[in-house]
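**Q** Okay, structure incoming, though there's no sequence with it:
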């Protein structure tokens, strides 16, 4: 089971599908709308959740600004996909297939591959 904090930019359909499959997902859009990125990152850490986002700024925060995110971050780079259905069809199987890889890593999922890098 994944334990995720989904950022505001994650589509509702993907959140719903993850929850239907038994994953523990909190969604910033519904519960903490408008939080800044450092606060979202801190919330994920405090709640022992992996952050699921489409915001590339989290890479900057972690690798350049030195913000701590030991739980992990998953960056979805497939959000230019116009359809929430198509995005969910792409992202959901990848999220579940690589479940053990997310903790302690900064991971990027795009249309062609998954890149996983240990967090500092």
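**A** That came through fine. As the structure is a prediction and not an experimental result, all values here were calculated from the model.
**Q** What are the buried residues along the longest helix anywhere in the chain?
**A** The residue-count maximum for a helix in the chain (DSSP state H) belongs to helix 84-97. By neighbour count on 16 or more other CB atoms under 10 Å, the buried set for helix 84-97 is 87, 88, 90, 91, 92, 94, 95. C-beta: built from backbone N, CA, C; applies to glycine.
**Q** tell me the secondary structure for the most centrally placed residue in the chain?
**A** The residue lying closest to the centre of the chain (CA atoms, centre = their mean) is residue 52, at 1.0 Å. Assigned with DSSP: H, G, I helix; E, B strand; the rest coil, residue 52 falls in the strand class.
**Q** what bridges to it?
**A** Applying DSSP bridges to residue 52 gives these bridge partners: residue 6, residue 74.
**Q** re earlier: quick check: which of the buried residues of helix 84-97 has the minimum pLDDT.
**A** Minimum pLDDT for these is recorded at residue 87 (78).
**Q** which ones are touching residue 4?
**A** Contacts for residue 4 (CB atoms under 8 Å, 6 or more residues apart in numbering) come out as 18, 23, 24, 25, 26, 49, 50, 51, 52, 74.
**Q** quick revisit: how far off centre is whatever helix or strand comes next after the longest helix of the chain?
**A** Once the chain leaves helix 84-97, the next helix or strand it forms, by DSSP states H and E, is strand 105-109. Relative to its chain's centre, strand 105-109 lies at 8 Å (CA atoms, centre = their mean, to the nearest Å).
**Q** when you give positions from now on, start the count at 243
**A** Shifting the count to begin at 243 puts that one at strand 347-351.
**Q** relative to strand 347-351, how tilted is whichever helix or strand comes after strand 347-351?
**A** Next along the chain after strand 347-351, taking DSSP H and E as the criterion, comes strand 356-360. If you take axes from the mean of the first three to the mean of the last three CA atoms, to 10 degrees, strand 356-360 sits at 170 degrees to strand 347-351.
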